[in-house]
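Asks: Kindly return the folded structure for what I paste below:
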Amino acid sequence: MRTLDEIYMEIQHTLDRVVDTLGAVVDNEDRLMDLQQQVEALEHNQQILQQRIQGMEQRMQVAGMLQMRGDMVLIPGGTNEGTDPDFGAYSLTIDSFYMDQYPVTKALWDAIREWALENGYTDLPAGGGKGPDHPVHSVNWYDAVKWCNARSERDGLIPVYGHWIAATPPDYLLYGVYRTGEPTHTDVNQDTSANGYRLPTGTEWEYAARGGLSGRRFPWDDANTVQHTRANYQSRTEEAYDTSSTQGYHEAYWTGGVPYTSPVGSFAPNGYGLYDMAGNVSEWCWNPQGALRQVRSGGWSSYAHWLRCGSVGGSGPSNAHHNRGFRSVCR
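Replies: Numbers count the residues shown, from 1 in each chain. Coordinates of the predicted model:
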C-alpha cells in the first residue's frame, strides 16, 4: 500500500503536468493570437500592395494612352498677357490641355487614315507629304476634323465633332459622329465635354505658341527677329525683323520640288517643348471666321510676318494647300 507521501507526490506530479499542459495551451493561444495578428498585418499589407499595383497600372495606362496619342505635351492652364511688339496688348486665358509636339506627320496621318477607311470614314484623302517624318499637307479643314474624330475612335476616346445627318424619310435629321462628307445644311459642331482629339482654338494655339513667354513677337525668347536658323520659311528684306543672312526659300530644304517642307523637329522647340510653331506648314484651327476657318503659324512658302505669334489668317474650310497642315489637341 502506498503511503500518503507517495500519493501526495503523485498528485503533485499530476498537477505539474496539468499546469504544464495549461501553460502550453496558453502559449499556443498566444502564438495563435500572434499568428492571427501577423495574418491581419499581411492582409493589410496585401491591400496596400494591391492599391499600389492598381495605382501603377493606372499610371501605366495613362502613360500608354499618351504614347498611343503620339508625342503630346501638356500645356499648363493660366493666363498669358503682355504687349506684343506688333499687335499691342493681349490677354490669353486657357484651361490645361495636351498638344501634339509636332505638326501631324505624314506617317501618323497614314496610320489613322488606314484605320479610318476600315471603320466608316469613306473620304479621307491620302494627303501629301515629302516623307514620313515631314508634316502632312494638302488636307482641308474638314479632312483635319474628320481625322481627329477617327484618331479619337481608334484610341477609345469620345469624338469631339458631330453633325446633323439626313435620315429616311429626308425630313428627319439625326445627330451623329462626323465621319464623312462636307456638311452644307449645317456646320460641324464640337462637343466641348468630349475627351477626344480636336483642332486647337485660336486662343489655345497662340497661348501654346508663346511658350510661357510674355510680349514676344516669335516663339523664342532671345530675340524678336527671325532667321533661317530658327524656322523654315521664305525670307525677304521687306520685314525689318527678318534678319536672315540667306534669302528666299530655306536653302537646306529647297530641293526635290514643292513643297519645301522640313522634317518635323528640325529647329529648336519653344518653351513648352513644341516644334515648328513658326514655319514649315501653317496650321488649321477650329475657329470659324464667317465662311472661313482660322489658320496660324505660316509655312515654308510664307513670309516672316505670318510666323509671328499674333498673326491670324483664314481660309475656306474646303481649301487644301501644300503650305498647310495641322496639329491636334485633347483634354
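Asks: residues touching the spatially closest residue to Val177 that is not a sequence neighbour, list them.
Replies: Among residues not flanking Val177 along the chain, Pro159 sits closest, at 4.8 Å (Cβ to Cβ, 6 or more residues apart in numbering). All C-beta spots, glycine's among them, are computed from the backbone N, C-alpha and C. Shown in contact with Pro159 (Cβ atoms under 8 Å, 6 or more residues apart in numbering): 148-149, 152-153, 177-178, 191, 194, 196.
Asks: Could you rerun that using 7 Å?
Replies: Residues near Pro159 by Cβ atoms under 7 Å, 6 or more residues apart in numbering: 149, 152-153, 177, 194, 196.
Asks: Most neighbours out of the residues you listed, which is it?
Replies: Highest neighbour count within the contacts of Pro159: Asn149, with 27 neighbours (other Cβ atoms under 10 Å).
Asks: Let me know the pLDDT of that residue.
Replies: At Asn149, the pLDDT value in this model is 98.
Asks: Repeat that for the one 4 residues further on.
Replies: Looking at Glu153, its pLDDT reads 97.
Asks: Would you agree it falls within a helix?
Replies: Yes: under DSSP: H, G, I helix; E, B strand; the rest coil, Glu153 sits within a helix.
Asks: Next one: the residue lying closest to Asn140 once chain neighbours are set aside from Leu157, what distance?
Replies: Distances taken as Cβ to Cβ, 6+ apart place Ala320 nearest to Asn140, at 4.3 Å, with adjacent residues excluded. Using Cβ to Cβ, to the nearest Å, Ala320 is found at 26 Å from Leu157.
Asks: Ok, Leu292 next?
Replies: 28 Å.
Asks: And the two? Which one has more around it.
Replies: Neighbour count, other Cβ under 10 Å: between Leu292 and Leu157, Leu157 has more, with 19 against 15.
Asks: The more buried one: what's it in contact with?
Replies: Counted by Cβ under 7 Å, 6+ apart, Leu157 has contacts 195-196.
Asks: how about 8 Å then?
Replies: 194-197, 330.
Asks: I'd like the residues you listed laid out as JSON lines, including distance to Tyr303 and secondary structure.
Replies: Formatted as JSON lines, the contacts of Leu157 follow (distance: Cβ to Cβ, whole Å; DSSP: H, G, I helix; E, B strand; the rest coil):
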{"residue": "Ala194", "distance to Tyr303": "37", "secondary structure": "coil"}
{"residue": "Asn195", "distance to Tyr303": "38", "secondary structure": "coil"}
{"residue": "Gly196", "distance to Tyr303": "35", "secondary structure": "coil"}
{"residue": "Tyr197", "distance to Tyr303": "31", "secondary structure": "coil"}
{"residue": "Cys330", "distance to Tyr303": "32", "secondary structure": "strand"}
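Asks: Of these, which is the nearest to Phe97?
Replies: Using Cβ to Cβ, Cys330 comes nearest to Phe97 of the contacts of Leu157, at 6.7 Å.
Asks: The closest one bridge partners, please.
Replies: Tyr98 (DSSP bridges).
Asks: How many residues are close by it?
Replies: 22.
Asks: Was I right to think it contacts Leu199?
Replies: No: here Cys330 lies out of contact with Leu199, judged by Cβ atoms under 8 Å, at a distance of 10.7 Å.
Asks: can you pull out the strands in this protein?
Replies: Assigned by DSSP state E, the chain shows strands spanning 72-75, 78-84, 88-94, 97-100, 161-166, 173-177, 189-190, 282-289, 292-296, 313-315, 324-325, 329-330.
Asks: Just the pLDDT for Tyr102.
Replies: At Tyr102, the predicted lDDT confidence score is 98.
Asks: okay, now the nearest residue to it once chain neighbours are set aside: neighbour count?
Replies: Nearest residue to Tyr102, sequence neighbours excluded (Cβ to Cβ, 6+ apart): Val264, at 3.8 Å. Neighbour count for Val264, taken as other Cβ under 10 Å: 26.
Asks: coming back round to it: tell me which two of the contacts of Pro159 sit farthest apart.
Replies: Glu153 and Ala194 (11.2 Å).
Asks: which one of the contacts of Pro159 is nearest Asp95?
Replies: Relative to Asp95, the closest of the contacts of Pro159 is Ala194; by Cβ to Cβ it sits at 14.2 Å.
Asks: I'm done for today, thanks for sticking with me.
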